[in-house]
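Asks: Provide a 3D model corresponding to the input given below.
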Amino acid sequence: MTAVAGPVPGVRRAPLPRERGMGASILVAAISSAFGTLLIATTGFIGAWLLSDPYLAGGETVTAVVAILSTLLIAVAMYVAAVVTTNTFATVVAGRTRQIALVRLIGASARSERRRVARQGLVVGIIGAVIGVISGTAAAALLLEGAQIAWSIDVDYLVVQPALLAPPVIVALATWASAWVGSRRVLDVSPLEAISGAVERNTREAASGRARRIAAATLFVGGTLVLAAGVAVGLMSPFGVVIAFLGGILSFTGLILGASMIMPLVLRTTGRLFGRSAEARLAAQNALRYPERSSRTAIGVVIGVTLVTMFAVAAQSARELLIRSGGGEPPQQLLSLMDTFAAIMTALVAVSAVIASVGLVNLLTLGVIQRRRELGLLRTLGFSKPQIRRMVSLEAVHLIVTSVTLGLLLGVLYGWAGAQALLGSVGVPPAFTSPTFVAPAVPWLTVAVVVASTAILTVAATVAPTRLATAAMPMQALADD
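Replies: Next up, the predicted model:
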């Protein structure tokens, strides 16, 4: 049969942005674009203020530092957004496997279908980027106007700058690239799957990707060694933090690539905490049965919690070291400045956690939609609506609790490593000699905020999935394709 490169006659396609899951992807792109726009505008304003004030020494250096921090924060937000968008499109493609196979059966090629998904990502990215740059520019104008009034800052600064076009362009291209990566399974869909109930790959199939396993192991082990080297170099020079930063990125990327192999082990451990009822056992088994879906749902939250905890632990560890170096009585003004800076950095990094939370709710909802037949079968076997609701809720709780716990542990480890690499060469009393061991300090207030936010996220994340899980009648759900 000859493959058809273009659209297949007689096959109706839904408008691209209206497909399920795309609304959340547009929201993720909009948040990323708005965040980048706001940071660039704010950084430019701070730079203009520092350079214009004759009483602020070293204004150029401080401006450069602020610009570097802003760039890193934008990069972090884009990284999380790319992971969330890739996972969303991978979930959408997995749910449309049979539809794609039907189109393949009547002559469409796999590459044309993948290009269609990539175009969908580009449209979603452009819509989100435009919304984000408009809202981000408006927010920056209001924020900077308020700052000038509140702190009596007289700076001639124009908010609308050509540099503000960078975030939306990057977001649109990143969303397109994420859709392309997330749709790679389209190439593996065969026309024969049109006559089978094609679903997510199970544990054995997910673990069979040899190249992915090798890449994940290489990145994780290599990144861990580079991270350890950065900590070692940090005992002699603060530039060790640069090496440690690179090692952290590599090792964490390895964790993300190997999430479908790692998450089942963690989920199996935490699944025993939810009891032995039928709903609890099914919820635990559902998370383990299709590890790719579970890992895609959980990894965004792991990233968000890890980032927030990492920055908070690094800042708290530096604060404790400052107290030690000051003989227990450091200048209160300096401590206040450090606390303010840490709070601002944590709040900015929390934007990445918000992006991850949007992805979590979206993927949980998509998972329920794609399992309507399974849920309908459970209803016909005697499960009541309250039991279905409890099962879906326990699945969400299982994934979120596991993700947050893993994120907290990773955040403490990476945060300590960063603080040790940066401050290990700083001498402390009484001998004022180095190297110095930086004891990991856990900011319990931040941990409490993360736990409280987790509780709120759990409630919010279960509303839509549980409602959808019980909305259709059993026979109607079984008849759905």
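Asks: burial count for the residue lying closest to Thr37 once chain neighbours are set aside?
Replies: Leaving aside its chain neighbours, Thr37 sits nearest to Gly136 (3.0 Å; criterion: CB to CB, 6 or more residues apart in numbering). Where C-beta positions appear, they are placed from N, C-alpha and C, glycine not excepted. Other residues within reach of Gly136, judged by other CB atoms under 10 Å, total 25.
Asks: backbone phi and psi for Gly136, please?
Replies: For Gly136, the backbone dihedrals (degrees, to the nearest 10) come out as phi -70, psi -40.
Asks: try Ala108
Replies: Note on Ala108: backbone dihedrals following degrees, to the nearest 10 are phi -70, psi 150.
Asks: What score does it have for pLDDT?
Replies: Listed pLDDT for Ala108 reads 73.
Asks: residues of whatever helix or strand Ile26 lives in that come out buried?
Replies: Assigned by DSSP states H and E, Ile26 falls within helix 22-52. Judged by neighbour count using 16 or more other CB atoms under 10 Å, the buried positions of helix 22-52 are 22, 24-50.
Asks: The stretch 301-450 of the chain: helices as residue ranges?
Replies: Applying DSSP state H, counting those that start in this stretch to the stretch 301-450 of the chain gives helices spanning 332-369, 372-380, 385-423, 444-469.
Asks: Out of those helices, the one nearest Ala298 is which?
Replies: Checking the helices of the stretch 301-450 of the chain against Ala298 by CB to CB gives helix 385-423 as the closest, at 4.3 Å.
Asks: could you give the mean pLDDT of the closest one?
Replies: The average of the pLDDT scores along helix 385-423 is 86.
Asks: For Ile170, see how far away the closest residue to Leu27 other than its chain neighbours is.
Replies: Among residues not flanking Leu27 along the chain, Val358 sits closest, at 5.6 Å (CB to CB, 6+ apart). Going from Val358 to Ile170 by CB to CB, to the nearest Å gives 19 Å.
Asks: Repeat that for Gly367.
Replies: Separation of Gly367 from Ile170 (CB to CB): 29 Å.
Asks: Same drill for those two, tell me which one is more crowded.
Replies: For Gly367 and Ile170, the more surrounded residue by other CB under 10 Å is Gly367, and the numbers stand at 26 against 18.
Asks: Pretty sure that one sits against Pro465.
Replies: Yes. With contact defined as CB atoms under 8 Å, Gly367 counts as touching Pro465 (7.3 Å).
Asks: who touches both of these two?
Replies: Here Gly367 and Pro465 share no contacting residue, scored by CB atoms under 8 Å, 6 or more residues apart in numbering.
Asks: before we move on, the earlier item: report the contact partners of the residue nearest to Leu27.
Replies: Neighbours of Val358 in contact, by CB under 8 Å, 6+ apart: Ala24, Leu27, Val28, Ile31, Val84.
Asks: Toward the C-terminus from the least confident helix or strand in the chain by mean pLDDT, list the very next helix or strand.
Replies: Each helix and strand of the chain was given a mean pLDDT (mean pLDDT, DSSP states H and E); the minimum falls on helix 203-206 at a mean of 50. Scanning forward in sequence from helix 203-206 by DSSP H and E, the next helix or strand is helix 210-234.
Asks: any idea of the angle that next one forms with helix 385-423?
Replies: With axes from the mean of the first three to the mean of the last three CA atoms, to 10 degrees applied, the angle from helix 210-234 to helix 385-423 works out at 40 degrees.
Asks: For helix 210-234, which outside residues touch it?
Replies: So helix 210-234 is contacted by 207, 239-255, 257-258, 261, 417, 420-425 (CB under 8 Å, 6+ apart).
Asks: could you list every residue that touches the closest residue to Gly128 other than its chain neighbours?
Replies: Spatially, and ignoring its direct neighbours in sequence, Gly128 is nearest to Ala29 (2.5 Å; CB to CB, 6+ apart). Contacts for Ala29 (CB under 8 Å, 6+ apart) come out as Ala81, Thr85, Val124, Gly125, Ile127, Gly128, Ala129, Ile131, Gly132, Val171, Ala172, Thr175.
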